[in-house]
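Enquirer: need the 3D shape of this:
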Amino acid sequence: MDEYEQRRLREKLEVMLPALNERQQRLFLAAEAKHLGRGGVSWVARLAEVSRETIYRGLRELEFPGSLEDADTKIRQPGGGRKPATEKQPELLAALQELISLETRGDPESPLLWTCKSCRQIADALGHQGFKVSHQLIGRLLNDLGYSLQANSKTEEGTDYEGRDDQFRHLAKRVKSFQADGQPAISVDTKKKELVGNFSNNGRELQPKGKPVETNVHDFPSSAVGRAVPYGVYDVTENLGWVGVGTSFDTAEFAVSTIERWWDQLGKGIYPNAKRLLISADCGGSNGYRSRLWKLELARFADRTGLEIHVCHLPPGTSKWNKIEHRLFSFISINWRGKPLTSYQVIVELIGATTTKTGLKVGSELDQTIYKKGIEVTQLDFDRIPIEHKTSRPELNYVIKPGLKL
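Expert: So this is what the prediction gives:
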């Protein structure tokens, strides 16, 4: 049954069942299950919250012509039938609540402290306490208590950065200002690094039935051709992307080199009269606000192009709000879903083929330069960078001008 059919049947059951006696309910549910055909008993039992045996009994009664005529007789009086487990075991509900409560996480004696709280494990734990329960009963009781299966929710961002909202407002204001003046504003970041080889890629794509693309059983790095390091540049105004695919390490030198490639290939053609460039970046990684090499390489880039480089970093813990993440990287992942990234050329081609109905276009280029890790910038060299810090959050907002004194 699809979701629409389930909703219709559930609404019908909610209207009809309260108006029927016990036997009429049983016959009605059996008739619905019979109408649905294969699997109907399971669906009706689940939606009506009754046992499958009740519906099977109704089906047996429907086989006899006299069943419907006697539907108003031979039914139990109110209060008849088997007593609920919570009545026969009055302490059961309290024991169940204590077992699954959040407070038991801090109790080293809790039998469920280090295990997944499945219905079967909860039933076993209560069985050891002397209760007679099944995992089906536990499922019904948990449903009555308002419990359901829940996945983890990524909401905790760690320590809240003081003035986070102010920084976002400042960044938005700067972007609008640059756009109004016809100056380029870009968002930059490193995409997830990918193993290059015949490895399975998340997602699915259309293939002939029964003929999936065969990939390696194990994703061992030793079996890879190499590792791709995609660094992206997203033009916020023009909805254009550029991704440099590195083959060595994600360093500040590589990040600025990719920005310069974007400028040479796309940027200066789109903005021939540009005097300034606004860069929005995360706080960490190769473009982190504490990286001296990042600022030194930007100064060299400013010297080579004559541009004033204005940098606004996103507050710590807010990288998910970087525009490049959901306006560029997400669509690249969609475009190559289910496709093994067997070579660097395949990666470059898949990135370059990424488009959207809103007009996104992406350029890509392989960067085989070997970038060294651990390059240190001395205090003397750092002091020669023509950098100007803004009064608002100076550690996150600064301008690097041409005129490096090296």
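Enquirer: please, where are all the helices along the stretch 151-300 of the chain?
Expert: Using DSSP state H, counting those that start in this stretch, the helices found in the stretch 151-300 of the chain span residues 164-180, 252-262, 268-270, 292-305.
Enquirer: make CSV out of the ones you listed and add distance to Pro18, mean pLDDT and mean neighbour count.
Expert: (C-beta placed from N, C-alpha, C; glycine too.) Formatted as CSV, these follow (distance: least, Cβ to Cβ, whole Å; pLDDT from 0 to 100; neighbours: other Cβ atoms under 10 Å):
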stretch, distance to Pro18, mean pLDDT, mean neighbour count
helix 164-180, 51, 94, 15
helix 252-262, 66, 97, 23
helix 268-270, 67, 96, 12
helix 292-305, 68, 96, 20
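Enquirer: out of the ones you listed, which comes closest to Ser286?
Expert: Ser286 lies closest, by Cβ to Cβ, to one member of the helices of the stretch 151-300 of the chain: helix 252-262, at 4.3 Å.
Enquirer: give me the residues contacting the closest one.
Expert: The contact list for helix 252-262 (Cβ atoms under 8 Å, 6 or more residues apart in numbering) reads 186, 188, 190, 229, 231-233, 242-244, 246, 248, 279, 286-287, 291, 293-294, 296-298, 300-301, 304-305, 363, 365, 367, 369, 371-372, 375.
Enquirer: tell me which stretches of this structure form strands.
Expert: Under the criterion DSSP state E, strands of the chain are mapped to 185-190, 194-196, 226-235, 240-246, 276-281, 308-313, 361-367, 387-389, 397-400.
Enquirer: mind putting those strands into TSV with distance to Val256, mean pLDDT and mean neighbour count?
Expert: Putting the strands of the chain into TSV (distance: least, Cβ to Cβ, whole Å; pLDDT from 0 to 100; neighbours: other Cβ under 10 Å) gives the following:
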stretch	distance to Val256	mean pLDDT	mean neighbour count
strand 185-190	9	97	24
strand 194-196	22	95	19
strand 226-235	10	97	23
strand 240-246	11	97	25
strand 276-281	10	97	22
strand 308-313	10	96	22
strand 361-367	12	96	17
strand 387-389	14	94	14
strand 397-400	11	96	21
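Enquirer: ok, so what distance separates Met1 from Gln136?
Expert: 21 Å (Cβ to Cβ, to the nearest Å).
Enquirer: and these two? which has more neighbours close in?
Expert: Met1 (15 against 12; other Cβ atoms under 10 Å).
Enquirer: nearest residue to the more buried one other than its sequence neighbours?
Expert: Closest residue to Met1 apart from its sequence neighbours, by Cβ to Cβ, 6 or more residues apart in numbering: Trp43 at 5.6 Å.
Enquirer: show me what contacts that neighbour?
Expert: Contacts of Trp43 by Cβ under 8 Å, 6+ apart are 1, 6, 9, 33, 36.
Enquirer: one step back: just put the helices of the stretch 151-300 of the chain in TSV and tack on distance to His326.
Expert: Compiled in TSV, the helices of the stretch 151-300 of the chain are given as follows (distance: least, Cβ to Cβ, whole Å):
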stretch	distance to His326
helix 164-180	15
helix 252-262	19
helix 268-270	22
helix 292-305	23
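Enquirer: among the ones you listed, which comes closest to Lys132?
Expert: helix 164-180 (54.1 Å).
Enquirer: the closest one: how far from the chain's middle?
Expert: 27 Å (Cα atoms, centre = their mean, to the nearest Å).
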